[in-house]
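Undergrad: Quick one: sequence and predicted model below, then my questions.
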Amino acid sequence: MQPLYTVTQIRQIETESARRLSEGALMQRAGQASANAALDLLPFATSRASVLVLAGPGNNGGDALEAAAHLAHAGAQVAVVYFEGGSAPERARAVERAHASPARFVAEDAIAGVEWHLVIDGLFGIGLTRPITGPFAALVAALNALTCPILALDVPSGLDADTGCIVGPAGCAVRATHTLTFIGDKPGLHTCDGRDHAGTVNVAHLDIDAAHYPAATIHLNGVDGFAQAAVARPQNSHKGSYGIVSVLGGAPGMTGAPILAGRAALHAGAGRVFLCFAGPALQCDPGQPELMCRAAHGFDFATGVTVAGPGLGGSDEAAHLLEQAIASPQPLVVDADGLNLVAARSGLAARLRGRKAATLLTPHPLEAARLLATSIGAIQRDRLDSARRLAAALHAIVVLKGTGTVIAAPGGAIVINPTGNPALATAGTGDVLAGLCGALLAQGWPGWEAALGAVWLHGMAADVLVADGIGPVGLTAGELVPAIRTALNRLVARHGRRA
Ligand SMILES: NC(=O)C1=CN([C@@H]2O[C@H](COP(=O)(O)OP(=O)(O)OC[C@H]3O[C@@H](n4cnc5c(N)ncnc54)[C@H](OP(=O)(O)O)[C@@H]3O)[C@@H](O)[C@H]2O)[C@@H](O)CC1
Ligand SMILES: [K+]
């Protein structure tokens, strides 16, 4: 999985490596890499391309000036909007090089009325300390109104590279189509507002020796993070080989949620799936008669994996049933109303903490806010830290949903998921994810791999459907289910080890 580094770590890597390099070497390499990335984005011959370069007051601006000089020497029509600022010697040399090149230095008002083919955003990088306001904000608004590609250097100006939030209050950020980020990839490019502002992210390592990189605790989710848990099915197997998933939910009037979770579990390969209704039990699911419908009262949750919470409600009876599911020695997924019950009843939280088998919690930001007794805003201001705190507090693997879903382990490891899209912003997709988690656990996947795999497959299924025109508008949660089955079968066919 691709490592992600915090700003503090990037600064440390920079300091370590710069000691062994000539002054300004990193800025020159960043500028060259930026120019190369820009050339790749030009729609036609370099000499016919009009490139607007914004060079801010810090070293991000220095990178942009280096890139401007390279592009101008390569023959592009380069206009630079330049801001006076920092006195770093390498930046001063970048200013000189840009002035000595054919690039033109222009005023901000020269941006309007030109058909730009590419914009390079070198206004601010990881040194942004406060919200972008005033004339810089007007500039950002002007850039965001353009229709050409925008290449952000290091990070889109205005975005917090650690959290993916727009630096605020009342700040703004460049909406880039591409980001070339330096030294290492950064978490903020992949979660919260990051994905909308960074576009396609590429990394320029600037030839820094691997020895200068610390062990990463944050990664971008990828198949190599969980594929080792996939097992090819042996011929000599039967439904008992693939586990049991019991979905605990379905309070009166809320039968849809457990049905979706159960259908997802079935299509993701669980050998047998029970729907355990807290309210009056359905006789069967006529659309999916393979699901076995039961009353939750008296059900033995210790027979397999439980997915607790879809449509469970908040009654005392629901809490009692959840307590029984938590007491099971088998893996457990807690979602939706299950999480709300844990938030509301400290006894359940204490029992959850005491579990020995894998426990996965799948909150959306509001459920996470309830669990941490805070607001959605506080959760979203630092999604990584919120997930990490929740995992530590409840001693569980936490899947904090939302764009760039954050998966956190109690030991502090964090993974951000890059698959998925706004098609998932519709009712029932969370139930499907919970059922998928349950199915992977039932087939013997360890908790961490099950969480990573489920989130990745769920997002990939949505990506494939959207590529086929089934979404992002109007995708339904039920449509995800067969697409997840296809994605999982492809994964197993390609990576599944022999049992
Ligand atoms: N790390 C590395 O190894 C390498 C880093 N490199 C590059 O350097 C970048 C980091 O450079 P950086 O530290 O100079 O910060 P940067 O983002 O350019 O901005 C700082 C300037 O902006 C100003 N300022 C801040 N907020 C503001 C606001 N809201 N509104 C207005 N002004 C504001 C701030 O002023 P001050 O706060 O000091 O008053 C200061 O003048 C990094 O992202 C990468 O691109 C590469 O060369 C390769 C090696
Ligand atoms: K930038």
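TA: Yep, that arrived. Ligands and ions are numbered 1, 2, ... in the order given.

Undergrad: In contact with Leu189, which residues are there?
TA: Contacts for Leu189 (C-beta atoms under 8 Å, 6 or more residues apart in numbering) come out as 155, 159, 161, 164, 179, 181, 195, 198, 201. The way it works is simple: take the backbone N, C-alpha and C, and place the C-beta from them, glycine included.

Undergrad: ditto for Arg11
TA: Ile126.

Undergrad: where's it, which helix or strand?
TA: When secondary structure is defined by DSSP states H and E, Arg11 falls within helix 7-18.

Undergrad: got the buried residues for that helix?
TA: Counting neighbours by 16 or more other C-beta atoms under 10 Å, one finds that the buried residues in helix 7-18 are 7, 9-10, 13-14, 17-18.

Undergrad: What's the local residue count around Cys148?
TA: Cys148 is flanked by 16 other residues according to other C-beta atoms under 10 Å.

Undergrad: show me the contacts for it.
TA: Contacts for Cys148 (C-beta under 8 Å, 6+ apart) come out as 115-119.

Undergrad: re earlier: ok, and the most crowded of the contacts of Leu189?
TA: Neighbour counts for these were taken using other C-beta under 10 Å; the highest belongs to Leu159, with 35 neighbours.

Undergrad: surely that residue meets Gly171?
TA: No: counting by C-beta atoms under 8 Å, Leu159 stays clear of Gly171, with 9.2 Å between them.

Undergrad: Let me see the ranges of the helices in the stretch 351-499 of the chain.
TA: 365-371, 376-381, 383-394, 429-442, 447-467, 477-495 (DSSP state H, counting those that start in this stretch).

Undergrad: what does the first one contact?
TA: Contacts with helix 365-371, where a contact means C-beta under 8 Å, 6+ apart, come from 336, 339-340, 342-344, 361, 363, 375-376, 378-380, 383, 386-387, 390, 393-394, 398, 400-402.

Undergrad: Could you pick out the buried ones from the residues you listed?
TA: A residue is treated as buried here by neighbour count (16+ other C-beta under 10 Å); on that basis the buried members of the contacts of helix 365-371 are 336, 339-340, 342-343, 361, 363, 379-380, 383, 386-387, 390, 394, 398, 400-402.

Undergrad: hang on, the earlier thing: is the helix holding Arg11 in proximity to ligand 1?
TA: Yes: judged by C-beta under 6 Å from any ligand atom, helix 7-18 and ligand 1 are in contact via 10-11, 14.

Undergrad: Stretch 178-194 too?
TA: Yes: for stretch 178-194 and ligand 1, the contact criterion (C-beta under 6 Å from any ligand atom) is met by 182-183.

Undergrad: That stretch near ligand 2 anywhere?
TA: No: counting by C-beta under 5 Å from the ion, no contacts exist between stretch 178-194 and ligand 2, the nearest distance being 8.1 Å.

Undergrad: Show the average pLDDT along that stretch.
TA: Mean per-residue pLDDT for stretch 178-194: 98.

Undergrad: residues from this structure in reach of ligand 1?
TA: Counting by C-beta under 6 Å from any ligand atom, the residues of the chain near ligand 1 are 10-11, 14, 26-27, 30, 56-63, 85-86, 124-132, 136, 153-154, 182-183.

Undergrad: Now which of those residues would you call buried?
TA: With neighbours counted by 16+ other C-beta under 10 Å, these contain buried members at 10, 14, 26-27, 30, 56-63, 85-86, 124-126, 128, 131-132, 136, 153-154, 182-183.
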